[in-house]
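> Pasted the sequence and its predicted model underneath.
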Amino acid sequence: MSLDDDTTLVITRMFDAPREQVFDAWLTREEWQAWIGPEGIWCDVSLLEAHVGGRYRLDMHMPDATVLPVSGSFKAIDRPKLLSFSWGRDGDPSRQSLVTLSFKDRDGATELTLRQAGLGSASERDQFGQGWNSALNKLQRHLDQERSR
């Protein structure tokens, strides 16, 4: 993990899958729902309008039975290179951030860089870092399952 500043999260991960497949896992409702959210948290993706200006909404079902509603809109979609969307607690404009994903082909594998800007503090950045790294672990397992089918 590297940092652009004290509150910007940057994570780079390699996936043993073509970048089109990794990209599409973010914009296909059934696929996104299969892996989004940290390990131990189930997410229901109730809305996914996969176009610039389109919105999404998901409910994160926490282990203690609380539900965190998350929503945002797509700012940029350039398949299979770039994806950008706002991310925040549904209905709370003060808690919005911008997630930008870049996908680079590395000899049939994919280098994914996730950048999340607009987080309120270094502590919040670190919490999101733990959550995204956990979710990306789930994405790797999802891609492995898809490949074995």
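Structure received. Numbers count the residues shown, from 1 in each chain.
> can you give me the strands for the protein?
Under the criterion DSSP state E, the chain contains strands at 9-15, 42-48, 55-61, 67-78, 82-89, 96-106, 109-117.
> Could you give the number of residues near residue 44?
Residue 44: 14 surrounding residues under other CB atoms under 10 Å. (C-beta placed from N, C-alpha, C; glycine too.)
> For the closest residue to it other than its chain neighbours, list each beta-bridge partner.
Of all residues not flanking residue 44 in the chain, residue 59 sits nearest, at 4.8 Å (CB to CB, 6 or more residues apart in numbering). According to DSSP bridges, the partner residues bridging residue 59 are residue 44, residue 69.
> so residue 59 makes contact with residue 47?
No. At 10.4 Å, residue 59 does not count as touching residue 47 under the criterion of CB atoms under 8 Å.
> neighbour-wise, which of those two wins?
Neighbour count, other CB under 10 Å: between residue 59 and residue 47, residue 59 has more, with 17 against 11.
> list the contacts for the more buried one?
43, 44, 46, 67, 68, 69, 70 (CB atoms under 8 Å, 6 or more residues apart in numbering).
> Farthest-apart pair in those, please.
Farthest pair in these (CB to CB) is 46 and 68. Separation: 13.3 Å.
> ok so, going back, ok, and the most crowded of the contacts of residue 59?
Highest count within those by other CB under 10 Å belongs to residue 43, 21 neighbours.
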